[in-house]
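Engineer: missing the sequence, but the structure's below:
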């Protein structure tokens, strides 16, 4: 059986995907990135070896924030390319808009006929990202998924500042005034949704829109973002692995190119 490996080292979490020759995931796992991408890459390598997928024997591509910190990868590929390819495989479509809400940035990628035709990436401010949600959840003494659940039962208030530092001060002030956790959670998610929707407004999004990243399994975020964009937002159960899956697809091509030279002979 032929396998290919994709490693997506993000700013907060690292996702790894191993695909078989049919593009079906044979192994998916996630772990915190921590302070050192180099240490994380080594931990990924050890786990892969333990599971029987030694990256010394199978083609491997790295992507994400820490892609240059994976010394055993055959190649490093940008997040935009990998997230688009991974989303296309997961949703079986070459015509879609991919919204990836990552830890430190938000990527919006327009794909048409299987090719990336445009993209926008917010990497200058943590507003509208998973990090923003994490900071606000910590301020409220909640887990991010719990905050999202509470948000679905709240309403009526908003956070005016788009700056994470000032927004956190607003949340602290709301807590001090005795505002309900549901309403504060609503304001936090609403702030993220508005930021992403504003960013997406600069692209012709087409008819099919999918959400990837750590928030893709949060039903309320899907609903709220869909309402803001006037679109039905879809998500796959493995959507958070889109970047790693796209990297593994790129690795499969390396194998095909390398095979005639004998790099993988007797292994794959």
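Structural biologist: Received the coordinates, thanks. None of these values were measured; they are calculated from a predicted model.
Engineer: once you drop chain neighbours, what's closest to residue 19?
Structural biologist: Among residues not flanking residue 19 along the chain, residue 248 sits closest, at 4.4 Å (Cβ to Cβ, 6 or more residues apart in numbering). C-beta coordinates here come from the backbone N, C-alpha and C atoms, glycine included.
Engineer: ok, that neighbour - contacts?
Structural biologist: By Cβ atoms under 8 Å, 6 or more residues apart in numbering, the contact list for residue 248 reads 4, 5, 6, 17, 18, 19, 61.
Engineer: from residue 116, how far out is residue 238?
Structural biologist: From residue 238 over to residue 116 the distance is 21 Å, taken as Cβ to Cβ, to the nearest Å.
Engineer: for the two, indicate the residue with more neighbours.
Structural biologist: Using other Cβ atoms under 10 Å as the criterion, residue 238 and residue 116 rank with residue 238 on top: 19 against 16.
Engineer: was I right to think the more buried one contacts residue 29?
Structural biologist: No. Residue 238 lies out of contact with residue 29 (Cβ atoms under 8 Å); the separation is 11.5 Å.
Engineer: and residue 219, how many neighbours does it have?
Structural biologist: Neighbour count of residue 219, defined by other Cβ under 10 Å: 11.
Engineer: could you find the closest non-adjacent residue to it?
Structural biologist: Of all residues not flanking residue 219 in the chain, residue 152 sits nearest, at 7.7 Å (Cβ to Cβ, 6+ apart).
Engineer: just the pLDDT for the one you found.
Structural biologist: Looking at residue 152, its pLDDT reads 92.
Engineer: and residue 213, by the same measure?
Structural biologist: For residue 213, pLDDT reads 85.
Engineer: hmm, residue 101 and it touching each other?
Structural biologist: Yes. Contact criterion Cβ under 8 Å: residue 213 and residue 101 qualify, at 4.4 Å.
Engineer: which residues are in contact with each of these two?
Structural biologist: Jointly contacting residue 213 and residue 101 under the rule Cβ under 8 Å, 6+ apart are residue 130.
Engineer: show me which positions of stretch 179-199 end up buried.
Structural biologist: Applying a neighbour-count criterion of 16 or more other Cβ atoms under 10 Å, the buried positions in stretch 179-199 are 179, 181-197, 199.
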